[in-house]
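# Mind folding the following:
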Amino acid sequence: MAVAIREQHIAQARALPRRLLNFLRHNPHPTIVAQPAPSSSQSEAVETAETTSLSDPNASMTTIHATRSVSSDPWAVFNPFRPWKNPETGRWHEPVYSLRKQADLVKMARQRGLEDLLPPGMKSTTERERRTVEQGLRVKGTGAGQKVKGKLWERTIKGRLERRRQAMLDMPRMIEKWKQLGHGRGWTKWPK
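The predicted structure is shown next:
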């Protein structure tokens, strides 16, 4: 039974696009990767990490890395979609994947229902929804109590349509007046 399920997963993985498969191979989700049981020295590092600040210059690199692995975010150690700061040099490095490549990977993963295996990034669905809720639609005039400026004809169309409607209602009176004035003689263009 387990062998059949494993074969099924392998067949599904082979059906994935090569780019998505390579990404997942090089950047597996941290909860999927089997983590060895912590040794006594690692558990001591975790205990000291809880009491040590990251800005402490005397903290060793293992303590800093242990602090990152204790974090609730599984991608806290390294997220290839976000810029990261080298703890030794203090320099910032660009994300491994550009925003365009992130968008492509997210689209491919979303189509196959694997988006939750990708690290959080600017192009993920949850991040986009969060930004939309936070910032709203960024089109002027779509908020509550706002109006879109529009073109001149769009701004004045209500008045023109009302004048046309009123002219159609007054049409029988206008025709009668036109006949009385001699079928156009002495007729002004806009009678009052």
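# centroid residue for this protein?
Central residue check for the chain by Cα atoms, centre = their mean: the C-alpha nearest the mean position is that of R128, 1.9 Å away.
# show me what contacts K123?
K123 sits next to 81, 99, 102-103, 106 when contact means Cβ atoms under 8 Å, 6 or more residues apart in numbering. All C-beta spots, glycine's among them, are computed from the backbone N, C-alpha and C.
# Those residues in helices, which ones?
Using DSSP state H, the subset of those located in helices is 99, 102-103, 106.
# sorry, back to before: which element is the residue nearest to the centre of the chain on?
Mapping R128 onto the secondary structure by DSSP states H and E places it in helix 125-135.
# Touching that helix from outside, list them.
With contacts defined as Cβ under 8 Å, 6+ apart, helix 125-135 is touched by 106, 110, 115, 120-121.
# which element is I175 on?
Per DSSP H and E, the secondary structure element for I175 is helix 171-180.
# just R25 next, same as before
helix 18-26.
# related to what we said a few turns ago, what's the offset of the helix holding I175 from the middle of its chain?
In terms of Cα atoms, centre = their mean, to the nearest Å, the centre of helix 171-180 is found 63 Å from the chain centre.
# returning to that earlier point: biggest separation within the contacts of helix 125-135, which pair?
Spatially, the most separated pair among those is R110 and P120, at 14.0 Å (Cβ to Cβ).
# hey, what's in contact with both of those two?
Taking Cβ under 8 Å, 6+ apart as the criterion, R110 and P120 do not both touch any residue.
# Now the element after the lowest-mean-pLDDT helix or strand in the chain, going C-ward?
Using mean pLDDT, DSSP states H and E, the weakest-scoring helix or strand in the chain turns out to be helix 61-70, at a mean of 46. Sequence order places strand 84-85 as the next helix or strand after helix 61-70, per DSSP H and E.
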